[in-house]
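Colleague: kindly return the folded structure for what I paste below:
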Amino acid sequence: MVEHRDIPAGWVWERLGNHHIIKEIIMGQSPPSNTYNDEGRGLPFFQGKADFGDLYPTPRKWCTSPKKESLPGDVLISVRAPVGPTNLTVERCAIGRGLAALRPNPERVDSSYLLFALRFLEKKIALSGAGSTFPAITKKQLEDTEIPLPYPDDPQRSLAEQRRIVARLEMMLTEVREMRAIIREMRKDVDRLMEAALEEVFPEYGQKLPGGWEWRPVKYVATETTRRNPRANVQSSQRLLTSPSENMLEQKRDGADIGFRYVEISSVDNRNCRIVLEKVKYILNKDAPGRARQVIHENDVIFATTRPYLKNIALIPNELNGEICSTGFCVLCPIPERIVPKFLFYAVRANSFVKQLLSRQKGATYPAITDEDVFANQIPLPYPNEPNRSKAVQHHIVAYLEAVEDEILSVQKLLDQDEQAVNQLEQSILEAAFRGEI
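Modeller: Below you'll find the predicted structure:
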């Protein structure tokens, strides 16, 4: 990271709150959900980093009654987790609360220069939003952020130097963007491998099955979970220990019931259909959210009922046995005499299973299905009238799919390493630029 002392002679660290540098900082605001649409009516509506590309955002939603707008030439910055990523605005658009728009004074600051300066400072900006449950950065924190600016007392010379730096960076970073594009395509290819493997085993509903296989509803092989209100278990003498893991051990020792680990939709990595334990929050019973009601056990399968096509699906690991998940999930408790838990997990991950549900989903803004829809959905089951033979075939299929998944995870790890190397290369180039070395 370039320190204040490392910038070239004649350069100055300038606050974004200085109005001769940034004319305005517009914090996004989300309009009513009934003003969103997918048909292109109104302004493009950007809500956060998910809409960002390498340089420019891509519209996925539009809005007919925007609360806050960004104009061409503004720099968009993500102000809610993740904090720091940036893009350039190329058209008038609406921005939600996950974004802010920085409107540079064109007589003092080049938009692309501001973009690169913020990317150079991205890690530092992200740290300023750390320390809370949901990382975020305020307008005041943005105003206090300083960027290195060449020759601010000579605006004409300053802009010329900014544009020279931008031209050099765009040339040098072209290769970085190309490498990122290759990694993205490789990730898509890897993701398709699992989909293809699942399609081998789980055909679309109605297609002919192998001899001895039958279509059966999920309710034939799984039951609903029990519900519990953690707030009803609040005890008068509660002691919060040093860590969630210690809390859980202590509860088991002394019978206290002071809290639980809470699995919500954001806890699920939907690319690999796994729970990220680091994203599972520890919550005191007295602070339990209203949706924290469903008890989960090892080998249960959870299936998010909002936007089922996103596949927020996971198999509950031993570490979360007896904990609580959101009512935003349908919890499937496998019947051990009829199904191998991981076979059920793979069956509901298959595109053929999700495709059945899409015809039942309701709601335009937040398309959703019900638990009843999930339990009524059909899966192919080998030899359902011969339980031992059925489970033997299921175990064989699970072993095959686990092998495919392990190989995919190995490739993803290599791609993660490649992406990290590309990010480090980009940061090195940016640091050189703001040390005056390009």
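
Colleague: when you work out contacts or count neighbours from here on, use the C-alpha atoms and nothing else.
Modeller: Fine.

Colleague: quick one, helices of the stretch 251-400 of the chain?
Modeller: With helices called from DSSP state H, counting those that start in this stretch, the stretch 251-400 of the chain shows them at 341-349, 351-358, 371-376, 387-434.

Colleague: wait, what's in contact with S390?
Modeller: 338-339, 381-384 (CA atoms under 8 Å, 6 or more residues apart in numbering).

Colleague: indicate which one of the helices of the stretch 251-400 of the chain is closest to R41.
Modeller: R41 lies closest, by CA to CA, to one member of those: helix 351-358, at 24.2 Å.

Colleague: would you format the helices of the stretch 251-400 of the chain as TSV with distance to R119 included?
Modeller: Output for the helices of the stretch 251-400 of the chain, formatted as TSV (distance: least, CA to CA, whole Å):
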stretch	distance to R119
helix 341-349	37
helix 351-358	38
helix 371-376	43
helix 387-434	8
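
Colleague: and the ones you listed, which is most packed in?
Modeller: Among the helices of the stretch 251-400 of the chain, helix 341-349 has the highest mean neighbour count (mean count of other CA atoms under 10 Å), at a mean of 23.

Colleague: in CSV, list the helices of the stretch 251-400 of the chain along with distance to D110 and mean pLDDT.
Modeller: Formatted as CSV, the helices of the stretch 251-400 of the chain follow (distance: least, CA to CA, whole Å; pLDDT from 0 to 100):
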stretch, distance to D110, mean pLDDT
helix 341-349, 47, 98
helix 351-358, 46, 95
helix 371-376, 53, 97
helix 387-434, 15, 97
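
Colleague: out of the ones you listed, flag the one nearest D144.
Modeller: So among these, helix 387-434 is nearest, using CA to CA, at 19.0 Å.

Colleague: where does the residue of the chain most remote from its centre fall, phi/psi-wise?
Modeller: Residue farthest from the centre of the chain, counting by CA atoms, centre = their mean, is D154 at 43.4 Å. Here the main-chain torsion angles of D154 (degrees, to the nearest 10) amount to phi -130, psi 80.

Colleague: what does V90 give?
Modeller: Torsion angles, degrees, to the nearest 10, at V90: phi -110, psi -10.

Colleague: you'd agree D269 is up against L315?
Modeller: No. Using CA atoms under 8 Å, D269 is not in contact with L315; the gap is 11.5 Å.

Colleague: which residues do those two both contact?
Modeller: Residues touching both D269 and L315 (CA under 8 Å, 6+ apart): I275.

Colleague: who has more neighbours out of those two?
Modeller: Applying other CA atoms under 10 Å to D269 and L315 shows that L315 carries more neighbours, namely 22 against 16.

Colleague: mind checking what helix or strand follows the helix or strand where T174 lies in sequence?
Modeller: Assessed by DSSP states H and E, T174 sits inside helix 155-201. Proceeding N to C from helix 155-201, the next assigned helix or strand is strand 213-217, under DSSP H and E.

Colleague: returning to that earlier point: scan the contacts of S390 and report the most crowded one.
Modeller: Within the contacts of S390, L381 tops the neighbour count with 26 neighbours, counted by other CA under 10 Å.

Colleague: setting aside sequence neighbours, what's the nearest residue to I7?
Modeller: Of all residues not flanking I7 in the chain, R435 sits nearest, at 5.0 Å (CA to CA, 6 or more residues apart in numbering).
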